[in-house]
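*Asks:* Generate a structure from the sequence data that follows.
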Amino acid sequence: MSGIQLRCKVFPLAFLLYFFKPRCSIDDGPEQVLMWGENMLPGPPGRHTLRVWYPYLTGPTNVANAVVDVPPQGLAVVYKTRWIVFLPGKLEAVDPSYAQYVQTGQTQYRPQQQPGPGWAPQQPTQQPMQQPVQQQQQKKEDEK
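*Replies:* Residues are numbered from 1 along each chain as shown. Okay, the predicted model is just below:
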């Protein structure tokens, strides 16, 4: 059966987070309430965006975003909370050989602006040479 096997782990010293259930969203769909530990998210093979977080006093925290390529046999991913609730969470493939299927980052939610046509890096401009003080004074006298 294809899908994403998601394991949600809590930082050991943040045991109070067990009172807040993690949530996830696949392909910007409706949020699903998960449990800390093993969760199975059924779905077809292919490329999906996965977003995992948990609600805290200040709103969604430890948000982790990833683009995952789910192979036909499924993919095992682990979500790790951070030691400070305001840091982003981590999504990693359980098996290192599957690391190529998980691309973490914010690119799917905040695309970077691409330069338009005709764009070129800005070339440094040459500063005019400073003329000696005597030449500047002579120019002022010539203008009078």
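
*Asks:* which non-adjacent residue is nearest residue 61?
*Replies:* Excluding the flanking residues, the one nearest residue 61 by CB to CB, 6 or more residues apart in numbering is residue 85, at 4.5 Å. Glycine gets a C-beta too; all of them are placed from N, C-alpha and C.

*Asks:* list the contacts for that neighbour?
*Replies:* Counting by CB atoms under 8 Å, 6 or more residues apart in numbering, residue 85 touches 14, 56, 58, 61, 62.

*Asks:* at 7 Å instead, please
*Replies:* 56, 61, 62 (CB atoms under 7 Å, 6 or more residues apart in numbering).

*Asks:* need the residues you listed in JSON lines with neighbour count, distance to residue 143 and pLDDT, can you?
*Replies:* Shown next, in JSON lines, are these (neighbours: other CB atoms under 10 Å; distance: CB to CB, whole Å; pLDDT from 0 to 100):
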{"residue": "56", "neighbour count": "15", "distance to residue 143": "70", "pLDDT": "85"}
{"residue": "61", "neighbour count": "20", "distance to residue 143": "67", "pLDDT": "80"}
{"residue": "62", "neighbour count": "26", "distance to residue 143": "68", "pLDDT": "84"}
